[in-house]
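Chemist: Have a look; sequence and predicted model below, questions after that.
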Amino acid sequence: MTRTVYVNGDYLPEGEAKVSIFDRGFLMADGVYEVTSVLDGKLIDFDGHVKRLWRSLAELEMTCPVGEADLLAMHRELVARNGIEQGMIYLQVTRGNPGDRSFLFPAADLPGTIVAFTQDIPNMADAPAAKTGLKVITIPDLRWSRVDIKTVQLLYPSMGKMAAKKAGVDDSWFTDEAGAVTEGTSNNAWIVKGNRIITRALGNDILHGITRAAVLRFAREAQFEVEERAFTPEEAHGADEAFSTAASLFVMPVVEVDGKPVGTGKPGPVATRLREIYLDEMRKAAI
Ligand code: PLP
């Protein structure tokens, strides 16, 4: 089926959607994005994604051509027009098209470019990987130092996914100069030891995951002890469980790190329970 996508206020068949070759998103990766998941035809944690979008834009002195109410209406329109029950909405805002290439930012009143499209993933909530778990390798984190801003500079994460594929596994977790895990290529990384759930603290060195924030809240409500601190791959080997979180994954068990099993080498009860709680609660709150 041909998707209907959104470009600067218009809904178009995907083959007709166009952006200028001078767009700063294309030439400079000068743009930010958000990915919001859809369950039961409704948006999951839309408010969290919009708040982070405003933050990313503000950090880069950019503005959004569309206000929050219109963004919500546009997301809903894309879901309806494309008949999405489960899947994702990708939204990208760039600094726009100044008509030529220059390192300097264009005038602040140049309208940005805004595009969005749907991805239909019918079995997203029942992803088979949630039953088997993911295998990851670790690789050095060679990204720039402001990965808390959700920019479209995704070349290194893309290389990380390819490194994982070449190694016959599902994903890469990045490690910092001290050897501690920062996060996954497109997800936040967690381990579980007894009743303790551990994930790296917020800083400029990880994306402030919207799923991470929700899972922290649900974990505390479910009486888990939560530690926001760095952990190493070695600590992951000695952990009972590990998992990754992202809007595209929800809570996804990780069963192997660098060829060594985590815990039993199978998805554990904590990740499985947190996934269930996350899906239940977020479905109730979906809009
Ligand atoms: N970390 C990185 C580097 C990501 O790219 C993503 C999502 O794309 C996440 C973490 C998870 O963020 P969220 O839970 O908001 O999807």
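Modeler: It's in.

Chemist: packing partners for the helix or strand containing Glu77?
Modeler: Remark: Glu77 resides in helix 68-82, with elements defined by DSSP states H and E. Judged by 3 or more Cβ pairs under 8 Å, 6 or more residues apart in numbering; DSSP states H and E, helix 68-82 is in contact with strand 4-7, strand 10-13, strand 42-43, helix 46-59, strand 87-94, strand 113-120. C-beta coordinates here come from the backbone N, C-alpha and C atoms, glycine included.

Chemist: And these: which comes nearest Ile149?
Modeler: helix 46-59 (4.9 Å; Cβ to Cβ).

Chemist: Would you mind getting the angle between that closest one and strand 87-94?
Modeler: 20 degrees (axes from the mean of the first three to the mean of the last three Cα atoms, to 10 degrees).

Chemist: what angle sits between helix 46-59 and helix 68-82?
Modeler: Relative orientation of helix 46-59 and helix 68-82, computed by the same axes, to 10 degrees: 120 degrees.

Chemist: For Arg212, which non-adjacent residue is spatially closest?
Modeler: Nearest non-adjacent residue to Arg212, counting by Cβ to Cβ, 6 or more residues apart in numbering: Asn188, 4.3 Å away.

Chemist: Where does the one you found sit, in terms of helix or strand?
Modeler: strand 188-193.

Chemist: Beyond that strand, next helix or strand please.
Modeler: In N-to-C order, the element after strand 188-193 by DSSP H and E is strand 196-199.

Chemist: Setting aside sequence neighbours, what's the nearest residue to Glu225?
Modeler: Using Cβ to Cβ, 6+ apart and skipping the chain neighbours, the partner closest in space to Glu225 is Arg196 (4.6 Å).

Chemist: circling back: check the offset of the helix holding Glu77 from the chain's centre.
Modeler: 19 Å (Cα atoms, centre = their mean, to the nearest Å).

Chemist: In it, which residues are buried?
Modeler: Leu71, Leu72, Met74, His75, Arg76, Leu78, Val79, Asn82 (16 or more other Cβ atoms under 10 Å).

Chemist: for the fourth one, what are its contacts?
Modeler: Each residue near His75 by Cβ atoms under 8 Å, 6 or more residues apart in numbering is listed here: Thr36, Leu43, Phe46, Ile89, Leu91, Ala116.

Chemist: what's the distance between it and Ala107?
Modeler: Look at His75 and Ala107: by Cβ to Cβ, to the nearest Å, they are 29 Å apart.

Chemist: With the third one instead?
Modeler: The span separating Met74 from Ala107 equals 25 Å under the rule Cβ to Cβ.

Chemist: hang on, Asp176 packs against Thr182?
Modeler: Yes: counting by Cβ atoms under 8 Å, Asp176 touches Thr182, with 5.4 Å between them.

Chemist: Show me what from the stretch 1-150 of the chain comes close to the ligand.
Modeler: With Cβ under 6 Å from any ligand atom as the criterion, the stretch 1-150 of the chain meets the ligand at residues Val35.

Chemist: Flag the shaky bits of the stretch 101-250 of the chain, pLDDT-wise.
Modeler: By pLDDT under 70, the stretch 101-250 of the chain has no low-scoring segment.

Chemist: Okay, helices next: where are they in it?
Modeler: 129-132, 155-166, 210-221, 233-237 (DSSP state H, counting those that start in this stretch).

Chemist: quick one: the residue nearest to the spatial centre of the chain and Lys193, what's the gap?
Modeler: The chain has Ala246 as the residue nearest its centroid, 4.8 Å off, counting by Cα atoms, centre = their mean. Distance, Ala246 to Lys193, by Cβ to Cβ: 22 Å.

Chemist: Can you tell me the closest non-neighbouring residue to Val251?
Modeler: Closest to Val251 by Cβ to Cβ, 6+ apart is Arg275, at 3.9 Å.
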